[in-house]
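> generate coordinates for the sequence data below:
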Amino acid sequence: MRYLLFVVLIFLTLFQSFAQEEEYYLNQAEFLFINKEYSKAKGIVTNRYLSDSTKIDYLIFLGKICAREFKKDSSMYWLDKAEKLITRSTLSSQLFQYNLWTGYNYEVNKNFDKALESYFSAKKQMTDIENPYYINFLYQRVLLIYSENNYKDKVQNWIYLYTKIKDSLNDTSFTNSYHNTLGKHFHYKKNGILALEQFNKSIEYSKKLQDSTMLSNSYFHKGIIYAEYLKTQDSARYYYSLGKDVCNCKENKLFQSTYKYNIARTHLYDHNFLIAKEWLLNTLKDTITSRKLHVKNNVYRDLYDVYKSLNQIDSAFYYLELHKAYNDSLNVLDREKALAKLQTQYEVTEQEKRIVQLLNTNLKSEANRVRNKNFLFASLILLLFGSITAFLINKNTKRKQRIAEQQQEIEVQKTEKLLKEQELTAIDAMISGQEKERQRLANDLHDNLGGTLATVRLHFQHLKNNRENTKIENIEELYSKTDNLLEEAYQKVRTIAHEKNSGVMANQGLLLAIKNLAKKVSNGKTLRIEVQDYGLEERLDNTLEISIFRMIQELITNIIKHANASEIHISLTNHDSLLNIIVEDNGEGFDAKILPEKDGMGLATIEKRVEHLEGTFEIDSTIGKGTNIIINIPI
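Residues are numbered from 1 along each chain as shown. Below is the predicted model:
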């Protein structure tokens, strides 16, 4: 008998030790959770869950971590499992956490009626809750639902209750979040002045608490108020930048894309469409996850408006099509998530059935063994040790089954994620290919055909100005050159249509092509072009020759259009591993510190091409004395 009591005492001691250990790990995870270190908190709770999956606290904790990480399906999976363990003996604090995070998931899914029902169920269980973080979270979420959905008859009373709770707790962090939430409320109500007052108070508290997350959030919303209601876009950009600078989230792609998108919107409000376009395109460079598809879709919509305002119809239509395509993609993702949720529920149900069957089998076996014992003392000893053995075996078996099922679930999730990523990658690759093809065609039309047509225009102007001047010389030569240039333009259009490189370059090489270009463009006394070469006896790489030819062609075109020059000198020198190109004119010149802002693709584009070839690009120009452009390209 003493031995039996000793064994029971050891069992109770172990049970108490396990309970204390459980409370320690939960407190540690709670501290990490409130400080937004969700990954570390999840690691602790997951390890505890793997050792004992029957604890409702672990299931609820995993559910709320996934909710704060915006993993809605995973959060509902854990909370649904927790719901099956709720009994009459479940603690009010556990019911509070379950209802609070179930409501948050409904809110994220835009099911506001269900969200409010869960939040009010949590409020009924709030009497034992002492942590201000969760009390504030409950009041904050309900107020934002009321504000966003225009519950006029309820919102003022809720603010009154929220304020009373804030005053009674006298907690600085609670007060900070209270002012931030009221600022969002007035933002939804389009009352910019009152919203600014609340965000300014939140900023003061955030600085005192050194809460960079809340400080960044308040700065961002302050920027929104200036942008949308006060229409002061410079101030909006200032506060957006402050919010970005104080936030410790440089690796957070969603935050970075949201910042760039907000900046782009301020330029849209100012009708600075070119700057807005650059910010919108930069927004697209961030990695896009399923949460960010909505951001990307909004960017495509705004790019459509920008290009439409710039009267670039092709680009506007292109981004309009992308906007429609991503709307369809978002609908597909929603359907896939619904199917995945149904599949998860089915798997959970099947798992519960298997557990019930296993427990029934064990209970029958245990009952048969008890009835077969003849002596009471022996029965008690065998029952105790048999129960311990059965418990350990059953626990080990269920643990192995649980690990196998979890591994299977992880593999399924990995496969689904891979398929979705491959689909998005294919879409992005298609878009990128189409954009590159458009860019190539635009460059061919501008660089190849534009120069020729500019020269034709110059000849026609010369002929027009001297059509009644019988003393002009070489009139027939000008007619002949103009006719030849028109024929060449026609051939270039055909070449571009069949996606071929310049025939002159492919057949004759760089030097001869440049000399032929100079000969065609020169027109007697009005414009004379001289070409000199040193060490260019051998051909260069065909792609490099085409690039150099088009750069020189573009420089000549710019001189004809803008410089009013009568002489152009082109020098090409091969220094073994470096090709030096000098293009000089005696035209009007310009301020070399500021590239002239002209329509089309000018000096800035040529400079980018040279940089792409790992070369250098220099401009030496004096107003009234001409321009000297020096290009060095490694070969």
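
> do a quick rundown of the strands in the stretch 501-635 of the chain.
528-534, 567-575, 578-585, 616-622, 626-634 (DSSP state E, counting those that start in this stretch).

> in the last one, what counts as buried?
By 16 or more other CB atoms under 10 Å, the buried positions in strand 626-634 come out as 626, 627, 628, 629, 631, 632, 633. No exception for glycine: its C-beta is placed from N, CA and C like everyone else's.

> what's the closest of those to residue 474?
residue 626 (25.3 Å; CB to CB).

> now do the contacts for residue 268.
Residues in contact with residue 268 (CB atoms under 8 Å, 6 or more residues apart in numbering) are 276, 302, 305, 306.

> repeat for residue 295
254, 257, 258, 261, 283, 288.

> buried only: go through those for me.
Among the contacts of residue 295, those buried by neighbour count (16+ other CB under 10 Å) are 254, 257, 258, 261, 283, 288.

> related to what we said a few turns ago, which of the contacts of residue 295 fall in helices?
254, 257, 258, 261, 283 (DSSP state H).

> could you report the pLDDT at the first one?
In other words, residue 254. Model confidence at residue 254, given as pLDDT, is 75.

> how far away is residue 303 from residue 562?
Computed as CB to CB, to the nearest Å, the residue 303 to residue 562 distance reads 31 Å.

> and the two? which has more neighbours close in?
With neighbours defined as other CB atoms under 10 Å, residue 303 and residue 562 compare such that residue 303 has more, 24 against 15.

> skipping adjacent residues, who's closest to the more buried one in space?
Leaving aside its chain neighbours, residue 303 sits nearest to residue 319 (4.1 Å; criterion: CB to CB, 6 or more residues apart in numbering).

> from memory the one you found sits against residue 296, does it?
No. If you go by CB atoms under 8 Å, residue 319 and residue 296 don't touch, sitting 11.1 Å apart.

> list the contacts of residue 178.
136, 140, 162, 163, 166.

> could the residues you listed be laid out in JSON lines, adding secondary structure and distance to residue 86?
Listed next are the contacts of residue 178 as JSON lines, based on DSSP: H, G, I helix; E, B strand; the rest coil; distance: CB to CB, whole Å:
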{"residue": "136", "secondary structure": "helix", "distance to residue 86": "25"}
{"residue": "140", "secondary structure": "helix", "distance to residue 86": "25"}
{"residue": "162", "secondary structure": "helix", "distance to residue 86": "28"}
{"residue": "163", "secondary structure": "helix", "distance to residue 86": "33"}
{"residue": "166", "secondary structure": "helix", "distance to residue 86": "31"}
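
> and the buried ones among these, selectable in PyMOL?
To isolate the buried members of the contacts of residue 178 in PyMOL, using 16+ other CB under 10 Å:
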select buried, resi 136+140+162+166
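
> looking at the contacts of residue 178, which one is closest to residue 487?
The shortest gap between residue 487 and any of the contacts of residue 178 belongs to residue 140, at 74.3 Å (CB to CB).

> how close does the closest one sit to residue 68?
For residue 140, the distance to residue 68 - CB to CB - is 13 Å.

> ok, residue 611 next?
45 Å.

> so those two - more neighbours on which side?
Ranked by neighbour count (other CB under 10 Å), residue 611 and residue 68 place residue 68 first, with 15 against 11.

> pLDDT weak spots in the stretch 351-500 of the chain?
351-375, 377-378, 412, 415-416, 418-434, 436-437, 470-473, 497-500 (pLDDT under 70).

> my read: residue 216 touches residue 240, true?
No. At 10.0 Å, residue 216 does not count as touching residue 240 under the criterion of CB under 8 Å.

> quick revisit: just give me the closest of the contacts of residue 268 to residue 325.
residue 302 (15.7 Å).

> need the strands of the stretch 501-635 of the chain in TSV (columns: distance to residue 519 and mean pLDDT).
Shown next, in TSV, are these (distance: least, CB to CB, whole Å; pLDDT from 0 to 100):
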stretch	distance to residue 519	mean pLDDT
strand 528-534	8	92
strand 567-575	12	93
strand 578-585	16	94
strand 616-622	26	92
strand 626-634	21	94
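
> closest one to residue 95 among the ones you listed?
Taking CB to CB, strand 616-622 is the member of the strands of the stretch 501-635 of the chain nearest to residue 95, at 70.2 Å.

> how far away is residue 195 from residue 183?
Distance, residue 195 to residue 183, by CB to CB: 5 Å.

> give me the common contacts of those two.
Common neighbours of residue 195 and residue 183 (CB under 8 Å, 6+ apart) are residue 221.

> please name the nearest non-neighbouring residue to residue 403.
Closest residue to residue 403 apart from its sequence neighbours, by CB to CB, 6+ apart: residue 50 at 7.2 Å.

> quick one: buried residues of the helix or strand hosting that neighbour?
Using DSSP states H and E, residue 50 sits in helix 38-51. Buried residues in helix 38-51, counted by 16+ other CB under 10 Å: 38, 41, 42, 44, 45, 46, 48, 49.

> extract the CA atoms of it and return them as CSV.
Only the C-alpha atoms of helix 38-51 are listed here, as CSV (Å, rounded to 0.1, in the frame of the first residue of the first chain):
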residue,chain,number,x,y,z
TYR,A,38,5.7,36.2,-33.9
SER,A,39,8.2,33.7,-35.4
LYS,A,40,9.9,33.1,-32.1
ALA,A,41,6.6,32.8,-30.3
LYS,A,42,5.4,30.3,-32.8
GLY,A,43,8.5,28.2,-32.5
ILE,A,44,8.0,27.9,-28.7
VAL,A,45,4.3,27.1,-28.9
THR,A,46,4.8,24.6,-31.8
ASN,A,47,7.3,22.6,-29.8
ARG,A,48,4.9,22.5,-26.9
TYR,A,49,2.0,21.4,-29.2
LEU,A,50,4.1,18.6,-30.7
SER,A,51,4.7,17.3,-27.2
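
> contact partners of that helix?
Contacts for helix 38-51 (CB under 8 Å, 6+ apart): 22, 25-26, 28-30, 32-33, 55, 58-59, 61-62, 65, 68-69, 399, 402-403.

> narrow those residues to those that are buried.
The buried subset of those - by 16+ other CB under 10 Å - is 22, 25-26, 29-30, 32-33, 55, 58-59, 61-62, 65.

> how far away is the residue nearest to residue 403 from residue 283?
Residue 50 is 40 Å from residue 283, by CB to CB.

> mind listing what's buried in the strand or helix carrying residue 202?
If you go by DSSP H and E, residue 202 is part of helix 192-209. For helix 192-209, burial by neighbour count (16+ other CB under 10 Å) applies to 192, 195, 196, 198, 199, 201, 202, 203, 205, 206.

> so after it, what's the next helix or strand?
By DSSP H and E, the next helix or strand past helix 192-209 is helix 212-228.

> convert the C-alpha atoms of the next helix or strand after that next one to CSV, please.
Remark: after helix 212-228, the chain's next helix or strand is helix 233-246, criterion DSSP H and E. The C-alpha coordinates for helix 233-246 follow below in CSV (Å, rounded to 0.1, in the frame of the first residue of the first chain):
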residue,chain,number,x,y,z
GLN,A,233,1.0,66.8,-51.2
ASP,A,234,4.5,68.2,-50.2
SER,A,235,3.4,67.7,-46.5
ALA,A,236,2.1,64.3,-47.3
ARG,A,237,5.3,63.2,-48.8
TYR,A,238,7.2,64.6,-45.8
TYR,A,239,5.2,62.5,-43.4
TYR,A,240,5.4,59.4,-45.5
SER,A,241,9.2,59.7,-45.5
LEU,A,242,9.2,60.1,-41.8
GLY,A,243,7.2,57.0,-41.4
LYS,A,244,9.6,55.0,-43.6
ASP,A,245,12.6,56.3,-41.8
VAL,A,246,11.5,55.4,-38.2
